[in-house]
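In: Need a 3D model of the sequence below.
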Amino acid sequence: MWEEDALSSSDEEENGKQTTLPELHAKLRQVNSKSASNPNGQEMKNRTMSSPEKNRNTNNNNDNDDNNNNQNNDSNNNSLSSSTSSVDISSGRVLRESKKRDSWDEEAKENQRDLYGFVIKGTHGAEYSKFIENYLPQLQKQNESFQQFVEANKDDLNNGILPWTKVLSNENQTPTSSPIFRSFLRSHSDGLNNSNKSAGENNQTVSSETFGENDHPASPNPQKESSISNLSAKVSSYLGNFGGRSSTESIVAQSLQQRAQFSSMVRKGIPPKYRPLFWKIFSGTNKALKENQGVYQQILESNANKESTAVLQIEKDICRTFASSIGSFSRDSLKRVLVAYSWKNPKVGYCQAMNFIVAGLLIFMGEEEAFWLLASVVERLLPDYFNENVTGSRVDAVILNKYMRKRLPKLHKHFEKMNFNILIICAQWLMCLYITSVPNETAFRMWDVIFYLGPKTIFEVALSIMKIYEKQLLSISDETEIGIFVTEEVSKLYDADPLFETALKPLDSKKIKNLRESIRHEIENETKQRIIQFENDDISRSTQFSMDEINQLRLQFQQIEIEYKIIDEVVFERIARKTFPEWKGNGHRFLSNLFRVFDRNKDHMLNFRELISGLSILCKGTAEQRTSLCFQVFDEEEKQKVDQKNLIHLLTGIYELYEQKDDNDSEKKFFVDMMISKSHEGHSYLEEKQFAEAILFQPLILKCFLLDQPKECRGPDLKLS
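Out: Residues are numbered from 1 along each chain as shown. Prediction:
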């Protein structure tokens with residue numbers, strides 16, 4: 001189960017749980033042994049891959065690691081233990097040391113890689129070196145903080161919940177139980193939430209089932225973090241003044257403070273080693289793993305060697321995914337996760353961008369964990385992002401534009417003046433959750449907060465980026481240059497702290513959710529109307545109906561859909577009899593075959609195009625079109641020929657349709673024999689040309705298809721109610 005392998009024990013480290021990272025644990029143990037004497041972590045800066053030979057060796061190790069991947073994914077037998085005290089400060093990624101150089105030669109620039117084995121752009125080498133020198137001590141402190149948190153809350157974390165969840169999810173134990181306590185928290189709410197909501201008004205809890213759908217009371221502004229640490233003292237003073245009013249209220253206050261402090265820790269970055277643990281708790285992946293044990297492997301086994309459009313596209317994209325990576329994830333694992341999800345969710349299948357998200361997840365966790373976390377991302381965090389119309393990303397682009405208008409009015413007005421589409425620069429951010437746009441550690445710090453606080457962070461990060469570069473963007477008047485500038489600047493945004501320090505008011509999760517729903521509805525309606533208009537134009541060119549008639553028939557068709565949901569054979573029969581009131585008899589065998597011909601895509605229901613196209617021929621078509629339709633109806637096996645059996649069967653149906661009686665079948669046999677006699681070379685069947693000649697001898701067939709009155713035109717009637 002998830003909690004048993006969420007945090008690697010020392011035994012798992014020795015066995016190489018994340019074996020796709022060669023030399024990892026030996027390097028990390030060296031770093032830890034030096035950290036006491038060198039707290040600033042100087043030995044860890046300026047890491048490079050210094051030669052092509054090292055690259056080859058790493059790739060060879062990676063090939064061997066792929067063979068062990070499945071075995072390692074199944075080693076989920078160790079719970080959180082005291083062994084976690086030996087914390088790897090890089091948490092799990094390849095760190096290759098090189099001697100400090102006074103200058104950056106071209107080879108170093110080309111081969112320098114980040115903590116996760118990804119190539120650093122040559123022109124960014126000096127900036128990355130400066131960043132890593134300052135970042136590693138910060139990462140060490142974060143490791144220590146999270147280590148203490150994990151050790152203090154092992155039981156709750158083993159159960160897949162954060163320690164305050166039970167307290168704050170109990171309505172009877174929330175601060176709202178005391179009006180005085182609620183008032184106190186409202187008056188000191190700055191330390192909890194800088195959106196100025198009281199704890200009672202913003203009574204929300206951490207959910208292990210969803211991506212932070214509720215706001216967590218922590219400010220991204222470090223100036224206000226000091227107020228969080230003061231909250232406990234204020235609460236204690238308040239409780240003391242009222243005689244320790246309630247032990248429950250004291251527990252709640254402590255939980256709120258703990259939650260706020262944890263939010264601050266998350267914003268500073270979860271150490272890589274602890275990301276699997278907390279990402280699974282935040283996203284509900286741990287619950288999915290418990291409830292679906294063995295499902296991932298079952299999907300792979302049951303669909304082994306099967307092909308689909310999604311599988312073929314995945315195979316093409318595997319090698320394109322982070323092509324510069326040398327050992328941070330297994331491409332075989334990447335393929336298996338994507339293929340399995342394409343079979344799990346065939347409606348989505350596979351969409352480009354999913355490969356980058358999965359690759360990022362596989363850096364920290366095994367295949368099965370990444371599979372279920374991907375499901376959470378696709379189905380809940382980024383709903384409808386990966387469907388055929390990528391509706392979700394379009395929805396979120398509209399939301400981002402709305403917030404830009406409100407939060408960054410000058411920049412929004414500048415973009416609007418240039419008619420600049422925000423999607424040009426943010427589409428990839430949204431679809432790939434920033435991982436292909438910003439440096440890896442920055443992207444993963446974004447993921448820490450996105451997985452914790454939910455979708456609102458996606459917008460907060462984008463707004464922060466715009467805020468950071470607002471002055472420069474206001475000076476650019478060419479939309480192409482804007483795209484180039486933003487792309488280049490965010491690609492070297494190694495320090496993520498400014499993203500969470502910009503003085504922008506936090507967004508509201510509930511409002512984001514409501515906006516997504518309303519805007520999605522608007523976009524879907526707009527898309528539907530465009531499709532309808534396009535289809536109407538096409539139908540008007542290919543049928544005998546005018547545009548006004550098509551629009552009127554469309555309205556009637558929509559009413560039928562509302563009442564009957566689908567146009568199946570039963571509903572079609574009612575439409576046909578309404579249009580041809582002379583069809584009073586049974587005639588089911590004839591109408592069933594007429595429905596078969598109308599149903600071009602063979603899904604046993606008629607869409608608007610199929611129904612109108614068929615009725616156009618029957619009601620207003622030329623003699624040649626009606627004759628061809630008649631032949632298709634009689635050709636029951638769709639073999640491009642009509643035999644004696646078909647003639648007898650369909651002619652009987654037409655007789656029934658017109659309530660014609662012939663007890664001895666002599667009349668039908670006479671007409672059938674006469675029609676078959678028109679076949680060439682004594683065949684017992686008629687091809688379409690011969691059939692067209694033969695039906696001239698059968699007046700009831702001519703009447704049924706209006707061939708006895710070739711100039712007659714009728715207007716279909718779809719009003720069934």
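
In: before we move on, what SS does Glu307 have?
Out: coil (DSSP: H, G, I helix; E, B strand; the rest coil).

In: Can you give me every residue that contacts it?
Out: The neighbourhood of Glu307, defined by CB atoms under 8 Å, 6 or more residues apart in numbering, contains no residues. Yep, even glycine has a C-beta here, placed from its N, CA and C like the rest.

In: And the pLDDT for it?
Out: Predicted confidence (pLDDT) for Glu307: 90.

In: How much space separates it from Ala623?
Out: 46 Å (CB to CB, to the nearest Å).

In: can you check Val570 too?
Out: From Val570 to Ala623 the distance is 31 Å (CB to CB).

In: With Arg554 instead?
Out: Distance from Arg554 to Ala623, counting by CB to CB: 28 Å.

In: Among the two, which residue is more densely surrounded?
Out: Here Arg554 and Ala623 are compared on neighbour count by other CB atoms under 10 Å; more neighbours surround Arg554, at 17 against 13.

In: thought that one was touching Ile532?
Out: Yes - here Arg554 reaches Ile532: they are 6.9 Å apart, a contact under CB atoms under 8 Å.

In: And the strands in the stretch 601-721 of the chain?
Out: Using DSSP state E, counting those that start in this stretch, the strands of the stretch 601-721 of the chain run over 642-643, 685-686.

In: Phe282: which of those strands is closest?
Out: Distance to Phe282, taken as CB to CB, is lowest for strand 642-643 among the strands of the stretch 601-721 of the chain, at 65.5 Å.

In: Which residues does the closest one contact?
Out: With CB under 8 Å, 6+ apart as the criterion, strand 642-643 contacts 631, 634-635, 684-686, 691.

In: Try it again at 6 Å.
Out: Strand 642-643 has contacts (CB atoms under 6 Å, 6 or more residues apart in numbering) with 634-635, 684-686, 691.

In: Stretch 286-304 too?
Out: For stretch 286-304, using CB under 6 Å, 6+ apart, the contacting residues are 1-2, 160, 280, 340, 343-344, 368, 371-372.

In: tell me the helices in the stretch 351-500 of the chain, going along the chain?
Out: Chain-ordered helices for the stretch 351-500 of the chain, with DSSP state H, counting those that start in this stretch as the definition, fall at 354-362, 367-376, 391-407, 409-417, 423-432, 440-453, 456-468, 470-474, 479-491.

In: Find the centremost residue of this structure, please.
Out: Val378 (2.7 Å; CA atoms, centre = their mean).

In: What distance do you get for Gln138 to Gly269?
Out: 8 Å.

In: These two - which one has more neighbours?
Out: Just comparing Gln138 and Gly269: by other CB under 10 Å the higher neighbour count belongs to Gly269, 23 against 14.

In: Per-residue pLDDT of the spatially closest residue to the more buried one that is not a sequence neighbour, please?
Out: Spatial nearest neighbour of Gly269, excluding adjacent residues (CB to CB, 6 or more residues apart in numbering): Arg445 at 4.5 Å. pLDDT recorded at Arg445 is 95.

In: same deal with Val150?
Out: Val150 is assigned a predicted lDDT (pLDDT) of 95.

In: Helix, strand, or coil at it?
Out: From three-state DSSP, the assignment for Val150 is helix.

In: what about Gln558, neighbour count?
Out: The local packing of Gln558 (other CB under 10 Å) involves 13 other residues.

In: per-residue pLDDT, it?
Out: Residue-level pLDDT assigned to Gln558 equals 91.

In: close enough to count as contact, Lys335 and Lys316?
Out: No - applying CB atoms under 6 Å as the test, Lys335 and Lys316 come out as separate, 10.9 Å apart.

In: higher neighbour count, these two?
Out: Lys335 (18 against 9).

In: which SSE is the more buried one in?
Out: Using DSSP states H and E, Lys335 maps to helix 331-344.

In: Please state the offset of that helix from the chain centre?
Out: Its chain's average C-alpha position is 15 Å from that of helix 331-344, according to CA atoms, centre = their mean, to the nearest Å.

In: And the contacts of it?
Out: By CB under 6 Å, 6+ apart, the list of residues contacting helix 331-344 reads 66, 69, 296, 299-300, 303, 310-311, 314, 318, 349-350, 358-359, 362, 367, 370-371, 374.

In: ok, 8 Å please
Out: Outside helix 331-344, the residues that reach it (CB under 8 Å, 6+ apart) are 20, 66, 69, 296, 299-300, 302-303, 306, 308, 310-311, 314-315, 318-319, 321, 348-350, 354-355, 358-359, 362, 366-367, 370-371, 374-375, 378.

In: Give me the buried subset of those.
Out: 20, 69, 296, 299-300, 303, 310-311, 314, 321, 348-350, 354-355, 358-359, 362, 366-367, 370-371, 374-375, 378 (16 or more other CB atoms under 10 Å).

In: any idea how far Met466 is from the nearest residue to Arg405 once chain neighbours are set aside?
Out: Spatial nearest neighbour of Arg405, excluding adjacent residues (CB to CB, 6+ apart): His412 at 4.5 Å. The gap separating His412 from Met466 is 9 Å, by CB to CB.

In: Between those two, which is the more surrounded one?
Out: Met466 (24 against 19).

In: Let me see the contact set for the more buried one.
Out: Counting by CB under 8 Å, 6+ apart, Met466 makes contact with 404, 408, 411, 473.

In: How about Ser684?
Out: Counting by CB under 8 Å, 6+ apart, Ser684 has contacts 643-644, 676.

In: Just put those in TSV and tack on distance to Asn419, neighbour count and pLDDT.
Out: Below are those laid out as TSV (distance: CB to CB, whole Å; neighbours: other CB atoms under 10 Å; pLDDT from 0 to 100):
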residue	distance to Asn419	neighbour count	pLDDT
Asp643	65	19	91
Gln644	69	16	89
Ile676	70	19	83
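
In: of these, closest to Gly392?
Out: Using CB to CB, the shortest approach to Gly392 within the contacts of Ser684 belongs to Asp643, at 53.4 Å.

In: So what's the gap between the helix or strand hosting Ile299 and the chain middle?
Out: In this assignment (DSSP H and E), Ile299 forms part of helix 295-302. Distance, stretch centre to chain centre, for helix 295-302: 21 Å (CA atoms, centre = their mean).

In: on that earlier part again, TSV please, covering the strands of the stretch 601-721 of the chain and showing distance to Leu433.
Out: Shown next, in TSV, are the strands of the stretch 601-721 of the chain (distance: least, CB to CB, whole Å):
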stretch	distance to Leu433
strand 642-643	59
strand 685-686	62
